[in-house]
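>>> predicted structure and sequence below. I'll ask about it afterward.
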Amino acid sequence: MPLKNSATRWGSVSMGLHWLVVALILLMAWIGLRMGGMPNGPDKIATYALHKSVGISILALAVLRLAWRAVAGAPGHVAGTPAWQARVATLAHLGLYALLLAIPLSGWVVNSSAGFPLQWFGLFNLPAIAGKDQGLHALAEQVHEWLFWTLVLVAVAHAAAAIHHHLFLRDDTLARMLPRGWLRVADKETPDA
Amino acid sequence: MRKTLLLPLALACAPVLAADYVQQPGSTLAFAGKYQGEVFTGRFPAFTTRLAFDPARLDAARLDVAIPLAGATTGNADYDGELLGASFFDVAKFPQARFTATRFRALGGNRYAADGSLSLRGTSKPVTLEFTWTPGARPVLAGKATVSRLAFGVGGGDWADTALIPDAIAISTRVVFAPGK
């Protein structure tokens, strides 16, 4: 499997990053939605620390994805995609990238404005990106949560569109984000590059 | 006649031979530790110090510091809630800490060490305060000590993980004195 992206397929780096981030987002949603209700104590601290560490990882991976995309390019829309769909898809992708940056950054502001340390898996500390400020803290918490629910909406639409393309339009949209052979695209095997 | 003889004797034998001092405004008692790899600092605003000290008469020196804990603060409300709660200082049960020292050593120059005892959270353990002494009309004691929080059960149990909060807590103080009455 080529590392780089071609005009018709995602390469292994983009694919790996895409699915890794998907897995991390699911993990984060699960942790993030549960941790607020935990009783204060070391367990809660450890859970928050994990949430922060994974969040910083997602931020770094998002930057990496954008950098790689700039280097390796991206496949075009599958042939035959109506222009309006292509535009909506592009907009959704832009939104997803923006959210992958904005959600961790807003979480970072939540943490900094509360005056808490930010440690990545106990290995090193990152600086505060905002001063200690209760008002900012409350605002950032709301923004963080709303951005998350926005991500849920856009990501579900994104996934639904991919599945729709696969099941009903029977094109390569979903299959080209997976290793060759994982998904069979009925009737239309893409020729090897 | 007897009086004139007794007075110098009485003075010489007065219980505190070294100069007696009481704490003045502008004095600070602070603590610092680490949490998740980041230093936090706090203060004990209500502490009061009494000191008998004369560099020439260390054997008569005596230090007594009362540290009410209820007002201890890190400046972070989330930390303070835990700090004063049952897991750390447990101020409801142990409202005050106290450091007393009667053994003083000269370390050279204006540096001294006071080998004393800290009572905290129902436990008493030896703690050494190293300090510099700046004499004058308003003499200043500037000192440092290291306290093992776990030796006093401060943040024991689930909080004993030293990867989260290391055991060593640095204490620093600067006390401005005036002669006591």
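All right, it came through fine. Numbers count the residues shown, from 1 in each chain, chains lettered A, B, ... in the order given.
>>> does the helix or strand encompassing residue A:150 reach chain B?
Following DSSP states H and E, one finds residue A:150 within helix A:134-164. No: between helix A:134-164 and chain B, judged by C-beta under 8 Å from any C-beta of the partner chain, nothing touches; the nearest distance is 8.6 Å. C-betas here are computed from N, CA, C, even on glycine.
>>> in that helix, what's buried?
Using 16 or more other C-beta atoms under 10 Å in any protein chain shown as the test for burial, helix A:134-164 gives A:136-137, A:140-141, A:143-145, A:147-148, A:151, A:154-155, A:158, A:161.
>>> tell me the mean pLDDT over that helix?
Mean per-residue pLDDT for helix A:134-164: 97.
>>> just stretch B:62-76 next, same as before
Averaged across stretch B:62-76, the pLDDT comes to 96.
>>> number of residues surrounding residue B:175?
With neighbours defined by other C-beta atoms under 10 Å in any protein chain shown, the count for residue B:175 comes to 24.
>>> that older thread, closest to chain B among the buried residues of helix A:134-164?
Distance to chain B, by C-beta to the nearest C-beta, is smallest for residue A:137 among the buried residues of helix A:134-164, at 10.4 Å.
>>> most proximal residue of chain B with respect to chain A?
Nearest to chain A, among the residues of chain B, is residue B:38, at 3.4 Å (C-beta to the nearest C-beta).
>>> tell me the contacts of that residue?
Applying C-beta atoms under 8 Å, 6 or more residues apart in numbering or on different chains to residue B:38 gives the contacts A:117, A:119, A:125.
>>> nearest residue to residue B:137 in space, please, no chain neighbours.
Spatial nearest neighbour of residue B:137, chain neighbours left out: residue B:178 (7.9 Å); criterion: C-beta to C-beta, 6 or more residues apart in numbering or on different chains.
>>> and what of residue B:25?
Using C-beta to C-beta, 6+ apart, the closest residue to residue B:25 is residue B:176 (7.5 Å).
>>> which other helices and strands does the helix or strand harbouring the one you found contact?
According to DSSP H and E, residue B:176 maps onto strand B:168-179. Judged by 3 or more C-beta pairs under 8 Å, 6 or more residues apart in numbering or on different chains; DSSP states H and E, the packing partners of strand B:168-179 are strand B:20-23, strand B:28-35, strand B:48-52, strand B:123-134, strand B:140-148.
>>> can you redo these as CSV with mean pLDDT and mean neighbour count?
What follows is the helices and strands packed on strand B:168-179, written out as CSV (pLDDT from 0 to 100; neighbours: other C-beta atoms under 10 Å in any protein chain shown):
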stretch, mean pLDDT, mean neighbour count
strand B:20-23, 94, 18
strand B:28-35, 97, 17
strand B:48-52, 96, 19
strand B:123-134, 98, 16
strand B:140-148, 98, 17
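>>> just give me the neighbour total for the residue of chain A found nearest chain B.
Residue nearest to chain B within chain A (C-beta to the nearest C-beta): residue A:117, separated by 3.4 Å. For residue A:117, the count of nearby residues is 18 (other C-beta under 10 Å).
>>> picking that back up, any idea which of the helices and strands packed on strand B:168-179 gets closest to residue A:31?
Distance to residue A:31, taken as C-beta to C-beta, is lowest for strand B:28-35 among the helices and strands packed on strand B:168-179, at 20.5 Å.
>>> centre of the chain to that closest one, how far?
The chain centroid and the centroid of strand B:28-35 are separated by 13 Å, computed with C-alpha atoms, centre = their mean, to the nearest Å.
>>> same question for stretch B:41-49.
Taking mean C-alpha positions (C-alpha atoms, centre = their mean), stretch B:41-49 and its chain are 9 Å apart.
>>> can you give me the end-to-end span of that stretch?
21 Å (C-alpha to C-alpha, to the nearest Å).
>>> do it and chain A meet?
No: judged by C-beta under 8 Å from any C-beta, stretch B:41-49 stays clear of chain A, getting no closer than 11.7 Å.
>>> what's the next secondary structure element after the helix or strand hosting residue A:32?
Applying DSSP H and E as the criterion places residue A:32 in helix A:12-35. Per DSSP H and E, the first helix or strand lying C-terminal to helix A:12-35 is helix A:42-72.
>>> so how far is the very next helix or strand once past that following helix off the chain centroid?
Later in the chain than helix A:42-72, the nearest helix or strand by DSSP H and E is helix A:83-114. How far helix A:83-114 lies from its chain's middle: 8 Å, per C-alpha atoms, centre = their mean.
>>> need the residues of chain B near chain A, please.
Within chain B, the positions near chain A by C-beta under 8 Å from any C-beta are B:35-38, B:75-76, B:78, B:81-82, B:87, B:158-159, B:161, B:163-164.
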